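# Fold the following, please.
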Amino acid sequence: MAEDSAVAGPAAHSVSAGHGLDPRFGDIQGVLFDIDETLVDLEYAMSTAFRAVSEHLLPGLDAAGWQGVGKVFTHGTTHLYDRYLAGELSFNEQRILRGRAAFGYVGVDFPDDEAAQQWVESYAETQHGHLRAFEDVVPLLDALDAAGVPYGAVSNNVHNYQRAKLDRVGLQRITHLVGTDTVGVPKPDPAIYLEGVRLLGTSAARTLYVGDNLLLDAQGATAAGLVGVWLNRGSALDEDFAGAQIASLGELLGGL
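Numbers count the residues shown, from 1 in each chain. You can find the predicted model right below:
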């Protein structure tokens, strides 16, 4: 476990069970969040945009077919995003390859060359218009503001892209933001979490890190010395996971 990277300054506050925080988290000075599928419903935006720009290329696809290609595009091709993080693919290249894999799921050839570029440009614009924050985000941030607890976000995407995303969904109040280009490494490298801790002015051991990815968020943050929390949305809680686990952000604070 990494040592704390910063010491809380005079302005730092902590929130305890008396302020409504679940007592299992202890005396917390600040909270850091993942963005995609934690604060922002990216899966909805991706699947909706994918269908909108692909219907003319996949005529006659039934509901089960759309569900299948959507799952391939959003979940079955995340290894291609990992290749983007590793510098092997550009951002648009990984999107095109994900589209090609989704089309292949139903035996249809994906557009080539210029048509592929047009598809990815249309997809990007359409996806941006379907971004939305989860309903449990604003009430939690309101409670943290009321308690004087600082918060921010640490993401496995570049800063400016995620800044625009947060602003698009009405989360301008999240001013502390760390992207992969901020420190030059992605999660689960300890440096990216600890940069978030530094921005908050808290200590790592008293900073929650909340995210939907078990490895990159809960376990990665814990290994960096933070209090990692697995946000397991839409699923039955995993009884085999020994760490902190929640089904919604509302579980972090009592009374939400």
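# so where do the strands sit in this protein?
Using DSSP state E, the strands found in the chain span residues 30-33, 151-154, 176-178, 207-211, 227-231, 244-246.
# The fifth one: partners in the sheet, and parallel or antiparallel?
Right, the one you point to is strand 227-231. strand 207-211 (parallel), strand 244-246 (parallel) (DSSP bridges).
# swap in the second one?
Partners of strand 151-154 in the sheet, by DSSP bridges, are strand 30-33 (parallel), strand 176-178 (parallel).
# Return the member of the strands paired with strand 227-231 having the minimum mean pLDDT.
Here the strands paired with strand 227-231 differ in mean pLDDT, and the lowest is strand 244-246 at a mean of 91.
# Highest mean neighbour count out of the strands paired with strand 151-154?
Mean neighbour count (mean count of other CB atoms under 10 Å) peaks for strand 30-33 among the strands paired with strand 151-154, with a mean of 29. No exception for glycine: its C-beta is placed from N, CA and C like everyone else's.
# rewinding a little: need the strands paired with strand 151-154 in a markdown table with mean pLDDT and distance to residue 151, can you?
Formatted as a markdown table, these follow (pLDDT from 0 to 100; distance: least, CB to CB, whole Å):
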| stretch | mean pLDDT | distance to residue 151 |
| --- | --- | --- |
| strand 30-33 | 96 | 4 |
| strand 176-178 | 98 | 7 |
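# how about low-confidence regions in this protein?
Residues of the chain meeting the criterion pLDDT under 70: 1-21, 254-256.
# For it, list the residue farthest from the centre, please.
residue 60 (33.1 Å; CA atoms, centre = their mean).
# Give me the distance between it and residue 48.
From residue 60 across to residue 48, the span is 19 Å (CB to CB, to the nearest Å).
# Residue 101 contacts residue 71, doesn't it?
No. Residue 101 sits out of contact with residue 71 when judged by CB atoms under 8 Å, with a separation of 11.0 Å.
# count of residues packed around the closest residue to residue 91 other than its chain neighbours?
Computed as CB to CB, 6 or more residues apart in numbering, the closest residue to residue 91 that is not its neighbour in sequence is residue 84, at 5.9 Å. The tally of other residues near residue 84 (other CB atoms under 10 Å) stands at 20.
# quick one: residue 84 and residue 97 touch, right?
No. When contacts are counted by CB under 8 Å, residue 84 is not listed as touching residue 97 (9.6 Å).
# returning to what we had before: return the most buried member of the strands of the chain.
Of all these, as judged by average neighbours under mean count of other CB under 10 Å, the leader is strand 30-33 with a mean of 29.
# Just give me how far that strand sits from the chain centre.
Strand 30-33 has its C-alpha centroid displaced from the chain centroid by 13 Å (CA atoms, centre = their mean, to the nearest Å).
# if we can go back for a sec, what would the strands of the chain look like in CSV with distance to residue 219?
Formatted as CSV, the strands of the chain follow (distance: least, CB to CB, whole Å):
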stretch, distance to residue 219
strand 30-33, 15
strand 151-154, 14
strand 176-178, 18
strand 207-211, 10
strand 227-231, 6
strand 244-246, 11
